[in-house]
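In: Sequence and predicted model, in that order:
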Number of protein chains: 4
Amino acid sequence: MWTEKENALHATLKFKDFVEAFGFMSSVAIMAEKQNHHPEWSNVWNTVHIKLTTHDAGNIVTDKDRKLQESINDIYSKYQLA
Amino acid sequence: MWTEKENALHATLKFKDFVEAFGFMSSVAIMAEKQNHHPEWSNVWNTVHIKLTTHDAGNIVTDKDRKLQESINDIYSKYQLA
Amino acid sequence: MWTEKENALHATLKFKDFVEAFGFMSSVAIMAEKQNHHPEWSNVWNTVHIKLTTHDAGNIVTDKDRKLQESINDIYSKYQLA
Amino acid sequence: MWTEKENALHATLKFKDFVEAFGFMSSVAIMAEKQNHHPEWSNVWNTVHIKLTTHDAGNIVTDKDRKLQESINDIYSKYQLA
């Protein structure tokens, strides 16, 4: 689900529709702010692309990215079961 | 999951935590506005209580409530699988 | 805007419509989780009722409530300008 | 605020912080689904980029885009007042 390239973690996640995709994004938004670490992300209807990298560390993948990645995986696991 | 009493449909839904509960609420909010029919709902941490009734019809349960109820069940089905 | 009664802070906030009310709720949800302190709140269309109290401290108003209250006021200030 | 290029409407919107940006996105998400017309959008912390075009019409700007653009302007007007 995730690939690491150019010093960033990337994932493209699919959902049933926009309603589901945005419910997922709302949960991720909460976790991102809680961890003080925000994704670069985009959405088109049922698809969410997420890029994680740590700007403050010179745009490399750090523990902050790994931690948010884990939270995202946890939230996404619900939707994968469908 | 739902009970009908005093001319309204009631459900009390449980989630793993607040993050999950609010993701669910975000999806429901979108469907409610799309259907031009809004719930009376409350939230405390991992619990969401929903009450559906049709004010314009004199506070009775109508097809509008049944339709939103179906959408809510559909969204909630993801979380029940956990 | 806020009243203190029965060891809790209460506010009833009005918005233009449901779309605006839920945008506000999404911002508040993020701050609540960030502060590890969650409101008891309910919503009907353009109205949001919020109750803040600290369960862990025996249901009294504490600094946790005051801090979340401040964040809510800050978020709500945008909507009051309308 | 908006520019039209390559048959699409583009806007880059700034907010105070992520909490505000995501509150805005939640309101826009609701309107998008209500209008059955979804943006291509991305977010990094306090910045939201939105692209509107109508895929079904061969990727040109149509009334659907203009209508969603108006709703976005209406929602964003609250945040500009800050």
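Out: Sure, I can see it. Numbers count the residues shown, from 1 in each chain, chains lettered A, B, ... in the order given.

In: Quickly check: stretch A:35-50 near chain D or not.
Out: Yes: shown here: stretch A:35-50 in contact with chain D (Cβ under 8 Å from any Cβ of the partner chain) through A:38-45. Heads up, the C-betas are built off the backbone N, CA and C, glycines and all.

In: wait, which of these is closest to C:G58?
Out: Closest approach between those and C:G58, by Cβ to Cβ: A:H38, at 36.2 Å.

In: mind checking how far that closest one is from C:I30?
Out: 11 Å (Cβ to Cβ, to the nearest Å).

In: Over to A:W45?
Out: A:W45 is 24 Å from C:I30, by Cβ to Cβ.

In: Name the residue in those two with the higher neighbour count.
Out: In this view A:W45 and C:I30 are compared by other Cβ atoms under 10 Å in any protein chain shown, and C:I30 has more residues nearby, 28 against 16.

In: What pLDDT does the model give the more buried one?
Out: C:I30 carries a pLDDT value of 98.

In: May I have the residues that are in contact with the spatially most central residue of chain A?
Out: For chain A, A:I50 is the residue whose C-alpha lies nearest the centre (Cα atoms, centre = their mean; 4.5 Å). Residues near A:I50 by Cβ atoms under 8 Å, 6 or more residues apart in numbering or on different chains: A:9-13, A:28, A:39-41, A:72.

In: in the sheet, who's paired with it?
Out: A:A11, A:W41 (DSSP bridges).

In: what's the spacing between it and chain D?
Out: With distances taken as Cβ to the nearest Cβ, to the nearest Å, A:I50 is found 11 Å from chain D.

In: quick one: low-confidence parts of chain A?
Out: Along chain A, the model assigns pLDDT under 70 to residues A:81-82.

In: and the residue of it nearest chain D?
Out: Scanning chain A for the residue nearest chain D gives A:S42, at 3.7 Å (criterion: Cβ to the nearest Cβ).

In: Can you report how many residues lie near that residue?
Out: A:S42 has 18 neighbouring residues, counting by other Cβ under 10 Å.

In: From B:E70, how far off is it?
Out: From A:S42 to B:E70 the distance is 31 Å (Cβ to Cβ).

In: nearest spatial neighbour of A:A32, skipping sequence neighbours?
Out: In this structure, A:A32 finds its nearest non-sequential neighbour in A:H38, 4.8 Å apart by Cβ to Cβ, 6 or more residues apart in numbering or on different chains.

In: what do you get for A:V44?
Out: Here the residue nearest A:V44, using Cβ to Cβ, 6+ apart, is D:E40, at 4.8 Å.

In: which residues touch that neighbour?
Out: D:E40 touches A:42-44, D:50-53, counting by Cβ under 8 Å, 6+ apart.

In: quick revisit: between A:H38 and C:I30, what contacts are shared?
Out: With Cβ under 8 Å, 6+ apart as the test, A:H38 and C:I30 both reach D:F18.

In: doesn't A:L68 make contact with A:H37?
Out: Yes: using Cβ atoms under 8 Å, A:H37 is in contact with A:L68, at 5.2 Å.

In: which one of the two has more residues nearby?
Out: A:L68 (23 against 19).

In: sorry, back to before: how about the residues of stretch A:35-50 next to chain D in a markdown table, adding distance to B:W2?
Out: Compiled in a markdown table, the residues of stretch A:35-50 next to chain D are given as follows (distance: Cβ to Cβ, whole Å):
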| residue | distance to B:W2 |
| --- | --- |
| A:H38 | 38 |
| A:P39 | 36 |
| A:E40 | 40 |
| A:W41 | 35 |
| A:S42 | 37 |
| A:N43 | 31 |
| A:V44 | 34 |
| A:W45 | 30 |
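
In: Looking at the residues you listed, which is nearest chain C?
Out: A:H38 (11.1 Å).

In: Helix, strand, or coil at that closest one?
Out: coil (DSSP: H, G, I helix; E, B strand; the rest coil).

In: Near A:S77, how many other residues are there?
Out: 11.

In: Is any residue of the strand or helix carrying it near chain C?
Out: If you go by DSSP states H and E, A:S77 is part of helix A:63-80. No: Helix A:63-80 is not in contact with chain C by Cβ under 8 Å from any Cβ; minimum separation 11.4 Å.

In: helices or strands next to that helix in the packing?
Out: Secondary-structure packing of helix A:63-80 (3 or more Cβ pairs under 8 Å, 6 or more residues apart in numbering or on different chains; DSSP states H and E): strand A:8-14, helix A:18-34, strand A:47-52, helix B:18-34, helix B:63-80.

In: and the residue of chain A most remote from its centre, what are its phi and psi?
Out: What lies farthest from the middle of chain A is A:G58; by Cα atoms, centre = their mean that is 19.6 Å. Here the main-chain torsion angles of A:G58 (degrees, to the nearest 10) amount to phi 90, psi 30.
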